[in-house]
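Undergrad: just a sequence and a predicted model for now, questions to come.
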Amino acid sequence: MSKRLSPQLQHNITEDAYCETHLEPTRLFCDVDQITLCSKCFQSQEHKHHMVCGIQEAAENYRKLFQEILNTSREKLEAAKSILTDEQERMAMIQRLGRVGRENMEKLKESEARASEQVRSLLKLIVELEKKCGEGTLALLKNAKYSLERSKSLLLEHLEPAHITDLSLCHIRGLSSMFRVLQRHLTLDPETAHPCLALSEDLRTMRLRHGQQDGAGNPERLDFSAMVLAAESFTSGRHYWEVDVEKATRWQVGIYHGSADAKGSTARASGEKVLLTGSVMGTEWTLWVFPPLKRLFLEKKLDTVGVFLDCEHGQISFYNVTEMSLIYNFSHCAFQGALRPVFSLCIPNGDTSPDSLTILQHGPSCDATVSP
């Protein structure tokens with residue numbers, strides 16, 4: 001950048017940068033007083049013990065500092081945006097939690113306000129620093145130290161998510177009755193099933209097919225490519241379904257939006273799925289949600305997952321049906337096209353796996369807003 005600007009900078013110095021007192025070119029910069037100096041100014045007692053260097057050198061030093069702060073500001077902005085998104089997600093999650101929700105909503109609102117303010121401040125700072133880094137020598141040095149100190153003070157501000165009650169431990173009263181009226185009778189679509197999967201005759205249970213597993217590769221890598229979509233799809237309305245995961249050690253449930261035209265061709269692009277993943281590693285039981293990838297911690301093994309989808313509001317929520325509690329909620333999702341439930345088992349490396357998933361059904365279904 002300095003090489004590209006060099007001819008223009010020299011032109012500005014020769015034409016504009018003159019000392020008003022001595023009428024000589026100002027080729028030096030006093031870092032203490034933040035002013036340009038001519039050779040006679042430099043020889044005065046006033047600047048005798050000050051740090052003085054050439055204005056080109058001073059400008060490049062400040063330009064490097066501003067660029068470093070600019071890079072750090074961009075990283076801090078992404079972190080602030082992530083916290084802001086998380087707080088908004090958690091605010092949406094606790095709206096159904098009654099007293100516990102009311103107690104924690106204020107904390108989340110305050111945290112959301114702090115995160116929003118930091119995002120705005122960082123965006124403003126980034127614009128100012130980008131402009132500063134692109135300025136000529138004299139313009140860049142003007143108020144350089146002030147800009148540097150103000151930038152650093154913002155970067156030193158620490159932002160943390162609000163500390164609230166663990167929502168996964170909160171029981172939601174009326175969860176069963178609330179969702180029973182929205183429950184859909186889903187079946188698995190054989191045309192989208194991975195070759196490793198065997199489907200039951202009623203098309204509600206999926207398990208890994210014997211003799212189809214690939215034993216090669218990294219044994220620590222979890223391969224969830226054994227997917228199948230539901231035969232039903234949703235374009236509007238609210239919908240709920242439950243999945244029995246008790247007999248699976250590594251599984252995924254969620255929704256998929258896109259197209260799957262041939263058998264086993266379920267798109268693997270991460271941006272096209274919203275997933276809850278469960279796995280047992282030895283005695284450790286963990287859950288993950290995606291996107292973005294986040295790890296969740298549960299005290300008990302999860303046996304039945306409830307999935308709630310609101311097409312109009314871009315919301316998908318995962319529930320622990322046994323405990324009648326919320327696991328995680330995604331809101332403001334940018335869904336495109338028809339939405340289809342998706343299910344997956346992890347293909348083992350080596351020995352065959354007895355893992356299976358089953359779509360549960362309870363009573364009559366109301367499928368008026370389901371498009372097959």
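TA: Received the coordinates, thanks. Residues are numbered from 1 along each chain as shown.
Undergrad: C-alpha from now on. contacts and neighbour counts both.
TA: Noted.
Undergrad: and the one helix or strand Glu89 maps to, what other elements does it pack with?
TA: Using DSSP states H and E, Glu89 sits in helix 55-93. On a contact count with 3 or more CA pairs under 8 Å, 6 or more residues apart in numbering; DSSP states H and E, helix 55-93 meets strand 28-30, helix 98-133, helix 137-141, helix 144-155, strand 325-330.
Undergrad: next, the angle from that helix to helix 144-155.
TA: Using axes from the mean of the first three to the mean of the last three CA atoms, to 10 degrees, the direction of helix 55-93 lies 20 degrees away from that of helix 144-155.
Undergrad: what is the mean pLDDT for helix 55-93?
TA: Average pLDDT, helix 55-93: 85.
Undergrad: now the angle from that helix to helix 98-133?
TA: In terms of direction (the same axes, to 10 degrees), helix 55-93 departs from helix 98-133 by 160 degrees.
Undergrad: what's the closest of the helices and strands packed on helix 55-93 to Met227?
TA: strand 325-330 (21.5 Å; CA to CA).
Undergrad: just the C-alphas of that closest one, formatted as PDB.
TA: The C-alpha coordinates for strand 325-330 follow below in PDB (Å, rounded to 0.1, in the frame of the first residue of the first chain):
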ATOM      1  CA  SER A 325     -37.300 -30.500  28.500                       C
ATOM      2  CA  LEU A 326     -35.800 -28.400  25.700                       C
ATOM      3  CA  ILE A 327     -32.400 -29.500  24.300                       C
ATOM      4  CA  TYR A 328     -31.800 -26.700  21.800                       C
ATOM      5  CA  ASN A 329     -33.700 -24.200  19.600                       C
ATOM      6  CA  PHE A 330     -32.800 -22.700  16.300                       C
END
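Undergrad: what's the next helix or strand after that strand packed up against?
TA: Counting by DSSP H and E, the next helix or strand C-terminal to strand 325-330 is strand 339-347. Applying 3+ CA pairs under 8 Å, 6+ apart, one finds that strand 339-347 contacts strand 205-208, strand 223-229, strand 233-234, strand 250-257.
Undergrad: tell me which of the ones you listed sits most buried.
TA: Comparing the helices and strands packed on strand 339-347 by mean neighbour count (mean count of other CA atoms under 10 Å), strand 250-257 comes out on top with a mean of 24.
Undergrad: helix or strand right after that one?
TA: Per DSSP H and E, strand 250-257 leads on to strand 273-281 as the next helix or strand towards the C-terminus.
Undergrad: the first helix or strand past that next one going along the chain vs strand 325-330, what angle?
TA: Moving toward the C-terminus from strand 273-281, the next helix or strand (DSSP H and E) is strand 284-290. For strand 284-290 against strand 325-330, the angle by the same axes, to 10 degrees is 30 degrees.
Undergrad: what's the nearest residue to Leu309 if we skip its chain neighbours?
TA: Sequence neighbours aside, Ile316 is the residue nearest to Leu309 in space, at 4.6 Å (criterion: CA to CA, 6 or more residues apart in numbering).
Undergrad: look at Gly337 and say how many residues are nearby.
TA: 12 (other CA atoms under 10 Å).
Undergrad: that one touches His257, doesn't it?
TA: Yes - shown here, Gly337 and His257 form a contact pair, counting by CA atoms under 8 Å, at 6.3 Å.
Undergrad: any idea how far Leu65 is from the residue lying closest to Gln67 once chain neighbours are set aside?
TA: Nearest residue to Gln67, sequence neighbours excluded (CA to CA, 6+ apart): Cys133, at 6.8 Å. Noted for Cys133: a distance of 9 Å to Leu65, by CA to CA, to the nearest Å.
Undergrad: thinking again about what came up before, for Pro348, find the nearest of the helices and strands packed on helix 55-93.
TA: Shortest distance between Pro348 and these, using CA to CA, is found for strand 325-330: 26.2 Å.
Undergrad: and the closest one, what other elements does it pack with?
TA: helix 55-93, strand 315-320.
Undergrad: and the angle from it to strand 315-320?
TA: Using the same axes, to 10 degrees: strand 325-330 against strand 315-320 is 160 degrees.
Undergrad: okay, angle between strand 325-330 and strand 273-281 too, please.
TA: Using the same axes, to 10 degrees: strand 325-330 against strand 273-281 is 140 degrees.
Undergrad: and Arg295, how many neighbours?
TA: 12.
Undergrad: hmm, who's touching stretch 294-311?
TA: 168, 234-246, 254, 285-289, 315-322, 335 (CA atoms under 8 Å, 6 or more residues apart in numbering).
Undergrad: among the residues you listed, the buried ones, what's the ChimeraX command?
TA: To isolate the buried ones among the contacts of stretch 294-311 in ChimeraX, judged by 16 or more other CA atoms under 10 Å, type:
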select :168,234,235,236,238,239,240,241,242,243,244,245,254,285,286,287,288,289,315,316,317,318,319,320,321,335
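Undergrad: coming back round to it: which parts of the helix holding Glu89 are buried?
TA: Buried-residue list, helix 55-93, by 16+ other CA under 10 Å: 55-56, 58-60, 62-63, 66-67, 69-70, 73, 76-77, 79-81, 83-93.
Undergrad: can you say which helix or strand has Glu160 in it?
TA: Residue-wise, Glu160 maps onto no helix or strand under DSSP H and E.
Undergrad: contacts only, for it.
TA: Taking CA under 8 Å, 6+ apart, one finds Ile83, Ser111 in contact with Glu160.
Undergrad: for the residue positioned nearest the centre of the chain, which three-state class applies?
TA: Nearest to the mean C-alpha position of the chain, counting by CA atoms, centre = their mean, stands Pro292 at 4.3 Å. Classification of Pro292 using DSSP: H, G, I helix; E, B strand; the rest coil returns coil.
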